[in-house]
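> Coordinates for the following, if possible.
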Amino acid sequence: MILNKIFPVLSLILLLSFVASCKHDSTGIENLPEMSFSKDILPVFQTGCAISGCHDAGSAVGDRVYDNYQNIMTDIEPGNPNGSKAYRILFDAFQPMPPKTTIPEPDRIKIRLWILQGAKNN
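You can find the predicted model right below:
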């Protein structure tokens, strides 16, 4: 049972390690669809992060509010997912976010790609 929970996480870590090992080689990224902040990214933050008791405007934990582009960008380093706090905490082994559920792997990959593509407000 625990293997069913660990395997997808390990698979994603291996995939991300492979991608990260390429350093700043963006070969192939230009062939992927451009992520739209309003369509692809904001809904993930709104349903997974900017919720009551987490990072919404009314009860922001750690003074971090992830409800709009400007607020999210305080913890994003365009072009550098591993340097982006908002991205790194999605994979924190000791305190994954959000705490009660996890953001689905496809959405995490979208966020990573969006950051690699420059974290544009499009």
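> Cys54: what secondary structure?
Three-state assignment for Cys54 (DSSP: H, G, I helix; E, B strand; the rest coil): coil.
> Which parts of the chain are helices?
Counting by DSSP state H, the segments of the chain that form helices are 2-21, 42-48, 69-72, 85-88, 105-116.
> By mean pLDDT, show me the worst of those helices.
Ranked by mean pLDDT, the helices of the chain bottom out at helix 2-21, with a mean of 51.
> Could you pull out the buried residues of stretch 36-52?
Phe37, Asp40, Ile41, Leu42, Val44, Phe45, Gly48, Cys49, Ala50, Ile51 (16 or more other C-beta atoms under 10 Å). The way it works is simple: take the backbone N, C-alpha and C, and place the C-beta from them, glycine included.
> before we move on, what about stretch 59-73?
Ala60, Arg64, Val65, Tyr66, Asp67, Tyr69, Asn71, Ile72, Met73.
> and that stretch, how far apart are its ends?
Using C-alpha to C-alpha, to the nearest Å, one end of stretch 59-73 lies 19 Å from the other.
> Check stretch 92-106 too.
End-to-end distance for stretch 92-106: 17 Å, by C-alpha to C-alpha.
> One more: stretch 63-77?
Stretch 63-77 end-to-end distance (C-alpha to C-alpha) = 18 Å.
> neighbouring contacts of that stretch?
For stretch 63-77, contacts defined as C-beta atoms under 8 Å, 6 or more residues apart in numbering pick out 37, 41-42, 45-46, 49-50, 55-57, 83-87, 115, 119, 121.
> One more pass at 10 Å, please.
The contact list for stretch 63-77, computed with C-beta atoms under 10 Å, 6 or more residues apart in numbering, reads 37-38, 41-42, 44-46, 48-51, 54-60, 83-89, 97, 111, 114-115, 119-122.
> how about the CA coordinates for stretch 30-48, as CSV?
Provided in CSV are the C-alpha atoms of stretch 30-48 (Å, rounded to 0.1, in the frame of the first residue of the first chain):
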residue,chain,number,x,y,z
GLU,A,30,10.2,25.2,-27.5
ASN,A,31,8.4,22.2,-29.0
LEU,A,32,6.1,21.9,-26.0
PRO,A,33,2.9,24.0,-25.8
GLU,A,34,3.2,27.3,-24.0
MET,A,35,1.6,27.2,-20.6
SER,A,36,-1.0,29.9,-20.0
PHE,A,37,-1.0,31.4,-16.6
SER,A,38,-4.7,32.1,-16.6
LYS,A,39,-5.8,28.8,-18.0
ASP,A,40,-3.2,26.3,-16.8
ILE,A,41,-1.4,27.6,-13.7
LEU,A,42,-3.7,30.0,-11.8
PRO,A,43,-6.5,27.3,-11.4
VAL,A,44,-3.9,24.9,-9.9
PHE,A,45,-2.8,27.5,-7.3
GLN,A,46,-6.4,28.6,-6.6
THR,A,47,-7.6,25.0,-5.9
GLY,A,48,-4.5,23.6,-4.3
